[in-house]
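In: Sequence below, structure please.
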Amino acid sequence: MALRLALSLSLVLVARPLIATGQAAPTRAWFLDYTWTPDQDSLAGLPVKRINSGWDKALALSPALFPPLSHDDSLEATDYIWTLGADLNQDGRRDSVLTGVFAGAGGTGRYLLVLSRDGTGGWQSTFLRTTRDGPGFSALSLRNGHLFWLSCMSCGNQSRLIPTRTGFRLKYEGD
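Out: Presented below is the predicted three-dimensional model:
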């Protein structure tokens, strides 16, 4: 019993000087805690209330909105994007995909939004997926002809956006 206590005590004594000498303890990755403040009344010219009646504000994410320390984490070395313009459903018209954050009476969260052109050339919301887990990180990734929505930089939490005959759907394909 005395040997176990002595061993435990010596481990504590060895660990303390590391903190006492000013060496920083490991920190969490910036994207786990960083949040954005939704402050826009419209996205791509479309009022947020027309996208989701429960929203008050939204914000489309872009690299310009990321904290300076995110660039030190090689954000540029990833294949992440935050908006994409392409004819995703192959109807001959360009769609726009946005990822960002929102706020409303029901709380805050992240969104994936697909906008398609209506008959007048304006945008209409054709797909919206939200999470109510705070206004945090999410991104898009285009790989092998497939578009993925990611909510984490270091885990496999991703869903593939799939065009259907009537719109779009998400299929979870995480690790």
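
In: what separates the most centrally placed residue in the chain from residue 37, distance-wise?
Out: Geometric centre of the chain, nearest residue: residue 138, 0.8 Å, by C-alpha atoms, centre = their mean. Distance of residue 138 to residue 37, given as C-beta to C-beta, to the nearest Å: 15 Å. Placement of C-beta: from N, CA and C, glycine included.

In: do the same with residue 113
Out: 18 Å.

In: Tell me which of these two has more neighbours.
Out: residue 113 (25 against 11; other C-beta atoms under 10 Å).

In: Kindly state the beta-bridge partners for that one.
Out: Beta bridges link residue 113 to residue 98, residue 128 when assigned by DSSP bridges.

In: Wait, it touches residue 95, no?
Out: No: between residue 113 and residue 95 there is no contact under C-beta atoms under 8 Å: 10.3 Å.

In: and residue 101, what is it in contact with?
Out: Residues counted as contacts of residue 101 (C-beta atoms under 8 Å, 6 or more residues apart in numbering) are 35, 36, 38, 58, 59, 61, 108, 109, 110, 111, 135, 136.

In: part of a strand, is it?
Out: Yes: assigned with DSSP: H, G, I helix; E, B strand; the rest coil, residue 101 falls within a strand.

In: Run through the helices of the protein in chain order.
Out: For the chain, the helices defined by DSSP state H occupy 2-20, 30-33, 48-51, 68-72.

In: Out of those helices, name the one with the poorest average pLDDT.
Out: Of all the helices of the chain, the minimum mean pLDDT falls on helix 2-20 (a mean of 28).

In: any idea how far residue 161 lies from residue 121?
Out: 23 Å.

In: Specify which residue of those two has the higher count of neighbours.
Out: residue 161 (20 against 7).

In: beta partners for the more buried one?
Out: residue 147, residue 170.

In: Could you point out which residue ranges in this structure have low pLDDT?
Out: Counting by pLDDT under 70, the chain shows low-confidence ranges at 1-31, 68-77, 175.

In: residue contacts, the closest residue to residue 88 other than its chain neighbours?
Out: Leaving aside its sequence neighbours, residue 88 sits nearest to residue 95 (C-beta to C-beta, 6 or more residues apart in numbering; 4.6 Å). For residue 95, the contacting residues are 85, 86, 87, 88, 89, 114, 115, 116, 117, 126, by C-beta under 8 Å, 6+ apart.

In: what about burial for those, which qualify?
Out: 88, 89, 114, 115, 116, 117, 126 (16 or more other C-beta atoms under 10 Å).

In: ok, so of those residues, who is nearest residue 150?
Out: Nearest to residue 150, judged by C-beta to C-beta, of those is residue 114 at 16.0 Å.

In: Chain neighbours aside, what residue packs nearest to that closest one?
Out: The nearest residue in space to residue 114 (C-beta to C-beta, 6+ apart) is residue 127, at 3.9 Å.
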